[in-house]
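In: I would like the atomic coordinates for the input below:
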Amino acid sequence: AEPSGRLLPTPHVVDPADGMLVNWNNKPWPAANNSDAWFGGPIHRVVELKARLQQAATDHTLDFAGLDDVVADVGRIDPCGTSARWLKAPLLAALAASPQAALPGHRLARALLADWSGLQVEDARRQTHLAPAALLWEAWMRRLRQALLVPVLGDDADAGGPNILVRLLQRRLGAVPASHLALHGARWDEVGVLWAPLLDDTLEAAVAELQQTFGPAPSAWRVPRPTTALVHPLLGELGKLWVANRATYGFKAQLSPRGTRLRSVFGPGQSGTLGCDAPGAPQPDRHFLDLLPLYANFDHKPELFLSHREVPTPPEESP
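Out: Numbering: from 1, shown residues only. Presented below is the predicted three-dimensional model:
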């Protein structure tokens with residue numbers, strides 16, 4: 001719809017039906033239009049977070065302390081989510097029906113992916129290397145994006161690549177109507193590729209790449225997890241973290257008749273300040289890095305909850 005030019009009230013909900021509100025820099029409300037970028041489509045980290053919360057609530061295995069484990073669990077996906085949630089089962093079925101299903105590369109790939117959880121690592125806190133199946137999946141998806149999206153979108157293919165690829169592959173596998181693929185005015189059925197051979201060829205190329213780089217057996221496909229260096233322009237490097245889906249500011253709250261419980265965590269440098277006790281030598285205060293161990297381990301600290309009657313009145317400013 002065209003913009004109305006009016007200021008609309010902020011959407012809100014009272015007592016949500018599923019008992020929770022989950023947000024992670026995603027769409028502001030369900031009715032907001034999807035975009036082609038990763039933050040507006042089905043692949044999004046908030047989808048993974050909510051799915052895990054809902055499953056834990058259904059299984060009656062979720063308590064407030066366990067929310068830290070849910071957050072760490074979501075940290076195991078790639079930055080925008082995991083396309084394997086939507087695509088692994090139908091693609092494996094398509095591969096099994098392929099005339100090339102008996103080829104060694106096919107059999108190796110299907111066996112490796114069949115037992116894969118769809119996650120980059122199995123333990124976000126301690127695992128030091130990426131899962132071999134995750135390396136294969138990404139190499140395969142990268143080739144599919146190159147073959148299917150780049151000819152149509154060119155340099156824009158990376159902006160929404162995962163979500164557009166999911167829609168396109170689901171359409172090819174009969175799960176999405178063609179009208180859902182009217183993106184950028186492109187006619188996706190005219191991309192000019194033969195569908196079944198494309199799956200076979202890109203998979204074989206992905207397997208060959210990994211075997212040539214690391215060795216024939218997936219157990220030799222060992223790639224260290226990437227790290228993020230925390231570098232301050234004045235203080236230099238302050239530490240390192242595993243690359244993972246992390247909240248810059250993580251906040252969780254449990255509201256119940258028995259009381260309210262809050263826990264939160266800040267990224268390093270956001271919970272403290274720099275002081276200059278000596279000229280030209282800025283020093284961080286004690287809170288500048290004190291949350292780093294918690295933040296690195298996907299943990300949170302207790303948060304005080306004050307009613308409006310308990311909030312202290314700030315002193316008057318000096319003239």
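In: helices of the stretch 151-300 of the chain, residue ranges please.
Out: Counting by DSSP state H, counting those that start in this stretch, the stretch 151-300 of the chain has helices at residues 161-172, 195-214, 292-296.
In: most tightly packed of those helices?
Out: When the helices of the stretch 151-300 of the chain are scored by mean count of other C-beta atoms under 10 Å, the highest mean neighbour count falls to helix 161-172 (a mean of 22). From N, CA and C alone the C-beta is placed, and that goes for glycine too.
In: what about the nearest residue to Leu165 once chain neighbours are set aside, distance to Phe266?
Out: For Leu165, ignoring the flanking residues on the chain, the nearest one in space by C-beta to C-beta, 6 or more residues apart in numbering is Arg145 at 5.6 Å. Separation of Arg145 from Phe266 (C-beta to C-beta, to the nearest Å): 35 Å.
In: and for Leu238?
Out: Distance of Leu238 to Phe266, given as C-beta to C-beta: 14 Å.
In: of these two, who's got more company?
Out: Ranked by neighbour count (other C-beta atoms under 10 Å), Leu238 and Phe266 place Phe266 first, with 21 against 15.
In: bridging residues for that one?
Out: As for beta bridges, Phe266 partners with Tyr249 under DSSP bridges.
In: residue contacts, it?
Out: Thr248, Tyr249, Leu291, Tyr295 (C-beta atoms under 8 Å, 6 or more residues apart in numbering).
In: again with Ala101
Out: Neighbouring residues of Ala101 by C-beta under 8 Å, 6+ apart: Leu95, Arg107, Arg110.
In: next one: Glu237
Out: With C-beta under 8 Å, 6+ apart, Glu237 has these contacts: Ala229, Leu230, Val231.
In: re the thing from before, output the contacts of Ala101 as JSON lines; include the columns pLDDT and neighbour count.
Out: Shown next, in JSON lines, are the contacts of Ala101 (pLDDT from 0 to 100; neighbours: other C-beta atoms under 10 Å):
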{"residue": "Leu95", "pLDDT": "87", "neighbour count": "19"}
{"residue": "Arg107", "pLDDT": "93", "neighbour count": "13"}
{"residue": "Arg110", "pLDDT": "93", "neighbour count": "16"}
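In: and the helices in the stretch 1-150 of the chain?
Out: Counting by DSSP H, counting those that start in this stretch, the helices of the stretch 1-150 of the chain are 45-59, 67-74, 84-96, 104-114, 132-148, 150-153.
In: among the ones you listed, which is nearest Leu255?
Out: Leu255 lies closest to helix 67-74 among the helices of the stretch 1-150 of the chain, at 13.4 Å (C-beta to C-beta).
In: tally of neighbours for the closest residue to Ala57 other than its chain neighbours?
Out: Leaving aside its chain neighbours, Ala57 sits nearest to Gly19 (6.7 Å; criterion: C-beta to C-beta, 6+ apart). Residues lying near Gly19 (other C-beta under 10 Å) number 10.
In: with Leu241 instead?
Out: 16.
In: what's opposite it in the beta bridge?
Out: Leu241 has these beta-bridge partners by DSSP bridges: Thr228.
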